[in-house]
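Student: mind folding the following:
(chains A and B)
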2 protein chains.
Amino acid sequence: MSLPPNPPAIILVRPQLGMNIGAVARAMLNFGLTDLRLVCPRDGWPNPEAGPSAAGADSVIENARVFDSVSEAIADCTLTIGTAQTTRDMVRRVTSPAGCVAEMQALPTKSALLFGPERTGLVREDLLKCHAICTIPSNPDFGSLNLAQAVAVLGYAWVMGQAAPPPTWLVNHDGPAAQHELTGLIAAIESRLEANGFFNPAPGKAETARRMLHNVMTRPGFTGAEVQFLRGVVRSLVEPRNKNGRNLAEPRRRDTP
Amino acid sequence: MSLPPNPPAIILVRPQLGMNIGAVARAMLNFGLTDLRLVCPRDGWPNPEAGPSAAGADSVIENARVFDSVSEAIADCTLTIGTAQTTRDMVRRVTSPAGCVAEMQALPTKSALLFGPERTGLVREDLLKCHAICTIPSNPDFGSLNLAQAVAVLGYAWVMGQAAPPPTWLVNHDGPAAQHELTGLIAAIESRLEANGFFNPAPGKAETARRMLHNVMTRPGFTGAEVQFLRGVVRSLVEPRNKNGRNLAEPRRRDTP
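Tutor: Predicted coordinates:
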């Protein structure tokens, strides 16, 4: 059989056991996935305990890259889907492995699949960076999957998804923006809100407000052009221009993050 | 979700490592499979090394039954399917995990799924006792799956086989805002952009910009709470507040459309 092109990055967030990282590498290569990224692996990297359970998937282990944050790990990705059994009370699109894979296979750009630490899974702050959540249908009374087994199930879905017809995509949709573009927009809004005292009136609720901001800006899956447009909107809301397009208030700020 | 009734027996033929048997038990219970049978486990049974990797699937471990031969293990089954990456030169029907599960779910009687030893997989004598062979689609250059991962893939197929492909759905989502709420938000943004000269610099493109504004605000399907939140964001971007939540610039505008 032939493997689908353009596989997603597999991102392990704060993985605990080297043995599990090796088992993930094996499961990945079984299904043609090769781009392994590690965010803050507990025991550092490289980890000699990964080798034996990789069982020959050495190339995946050797090419694994380490990042200090989820944001950095997904910076080049246009679609990020986090695996979780719960949405932790957030408004997020929830998809199945098959649905998740269909979305990724419809994109010409890089996508990412996030898996949380063995003990807790992805936490709220991780899921906030995801456009959707993938839930593996399982026993409601015993739903916690082993990390590498979860990767194997998604890998299987990846290989199987190939045959499925691609989903209907939005017309004139050039795909979601790269994560760093979106992060830049959110940072621009957030810094201005900060300066304007938006987070001050209710200190206890400031964190909730920040989370909601990230949530409402991430979920829509804005395109690159839309993100640029929204940066212009924010700039204009903040800084009036005269009819010649010149700012009335202050010099146009460079909004690069 | 509800699990499909009448699950197959999972039969491990000459399994080698207790740790793997435990991991199989966990994967089984994740997907509602509970009938574990062991044919000649290498290190005997019970095996204390199975417990930790079972990670709570103790009932599966405790109820596992040991047999001296494949024939005895499948004696009560009407359909036996062996997992293998090759047919070992035998004439056998080859099916996929989904096809295998569909056959089993069509039967009111007991079926069995056979998995071979870690090192070799099922041998010819084992496969001779099977009605069909199930091959997990995988990388032709790296096709050997970890035992428990193979069980997890079949378990996932078992749960998925039950229903039509699940639709994408929203969790904790109280539905999109009423149109008038959304229209109010867009009008508030638009009137401020108008006042600030956003549509002036390129008159020919003003209509495109207006359309884009409506598009990016409508497509996400913001909830009512999110629309209210975004109105607060826009208000703060436009009108700084002091630490007591009072506007510094001008009286708070009534933003009702």
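Student: I'd like the distance between the residue of the stretch 1-150 of chain A found nearest chain B and B:Ala54.
Tutor: At 3.9 Å from chain B, A:Gln149 is the closest residue in the stretch 1-150 of chain A, using Cβ to the nearest Cβ. All C-beta atoms are positioned from the backbone trio N, CA, C, and that covers glycine. Noted for A:Gln149: a distance of 13 Å to B:Ala54, by Cβ to Cβ, to the nearest Å.
Student: contacts for the helix or strand where A:Gly184 lies, please.
Tutor: Assigned by DSSP states H and E, A:Gly184 belongs to helix A:179-195. With contact meaning Cβ atoms under 8 Å, 6 or more residues apart in numbering or on different chains, helix A:179-195 is reached by A:71, A:74-78, A:80, A:129, A:176, A:199, A:210, A:213-214, A:217-218, A:222, A:224, A:227-228, A:230-231, A:234, A:238, A:255-257, B:233, B:236-237, B:240.
Student: quick revisit: have a look at A:Gln149 and B:Ala54 and say which one is more surrounded.
Tutor: For A:Gln149 versus B:Ala54, neighbours defined as other Cβ atoms under 10 Å in any protein chain shown are more numerous around A:Gln149 (28 against 23).
Student: correct me, but that one touches B:Ala150?
Tutor: No. Counting by Cβ atoms under 8 Å, A:Gln149 sits too far from B:Ala150 to count as a contact (9.7 Å).
Student: buried among the contacts of helix A:179-195? Need that as a selection in PyMOL.
Tutor: The following PyMOL line selects those of the contacts of helix A:179-195 that are buried, judged by 16 or more other Cβ atoms under 10 Å in any protein chain shown:
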select buried, (chain A and resi 74+75+77+78+80+129+176+199+210+213+214+217+218+222+224+227+230+231+234+238+255) or (chain B and resi 233+236+237+240)
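Student: rewinding a little: which parts of the helix holding A:Gly184 are buried?
Tutor: Under the neighbour-count criterion of 16+ other Cβ under 10 Å, helix A:179-195 has A:Gln179, A:Glu181, A:Leu182, A:Thr183, A:Gly184, A:Leu185, A:Ile186, A:Ala188, A:Ile189, A:Glu190, A:Arg192, A:Leu193 buried.
Student: what's the following helix or strand past that helix packed up against?
Tutor: Next along the chain after helix A:179-195, taking DSSP H and E as the criterion, comes helix A:203-218. The contact analysis (3 or more Cβ pairs under 8 Å, 6 or more residues apart in numbering or on different chains; DSSP states H and E) places helix A:203-218 against helix A:179-195, helix B:224-238.
Student: repeat that for 10 Å
Tutor: Applying 3 or more Cβ pairs under 10 Å, 6 or more residues apart in numbering or on different chains; DSSP states H and E, one finds that helix A:203-218 contacts helix A:124-127, helix A:179-195, helix B:224-238.
Student: quick one: the strands in chain A?
Tutor: Assigned by DSSP state E, chain A shows strands spanning A:9-13, A:36-39, A:65-67, A:79-83, A:92-95, A:111-115, A:132-134.
Student: want to throw the ones you listed into JSON lines with distance to B:Thr120 and mean pLDDT?
Tutor: Shown next, in JSON lines, are these (distance: least, Cβ to Cβ, whole Å; pLDDT from 0 to 100):
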{"stretch": "strand A:9-13", "distance to B:Thr120": "28", "mean pLDDT": "98"}
{"stretch": "strand A:36-39", "distance to B:Thr120": "28", "mean pLDDT": "98"}
{"stretch": "strand A:65-67", "distance to B:Thr120": "35", "mean pLDDT": "98"}
{"stretch": "strand A:79-83", "distance to B:Thr120": "32", "mean pLDDT": "93"}
{"stretch": "strand A:92-95", "distance to B:Thr120": "38", "mean pLDDT": "82"}
{"stretch": "strand A:111-115", "distance to B:Thr120": "30", "mean pLDDT": "97"}
{"stretch": "strand A:132-134", "distance to B:Thr120": "34", "mean pLDDT": "90"}
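Student: and those as JSON lines, adding distance to B:Gly116?
Tutor: JSON lines is the format used below for those (distance: least, Cβ to Cβ, whole Å):
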{"stretch": "strand A:9-13", "distance to B:Gly116": "27"}
{"stretch": "strand A:36-39", "distance to B:Gly116": "28"}
{"stretch": "strand A:65-67", "distance to B:Gly116": "35"}
{"stretch": "strand A:79-83", "distance to B:Gly116": "29"}
{"stretch": "strand A:92-95", "distance to B:Gly116": "34"}
{"stretch": "strand A:111-115", "distance to B:Gly116": "28"}
{"stretch": "strand A:132-134", "distance to B:Gly116": "30"}
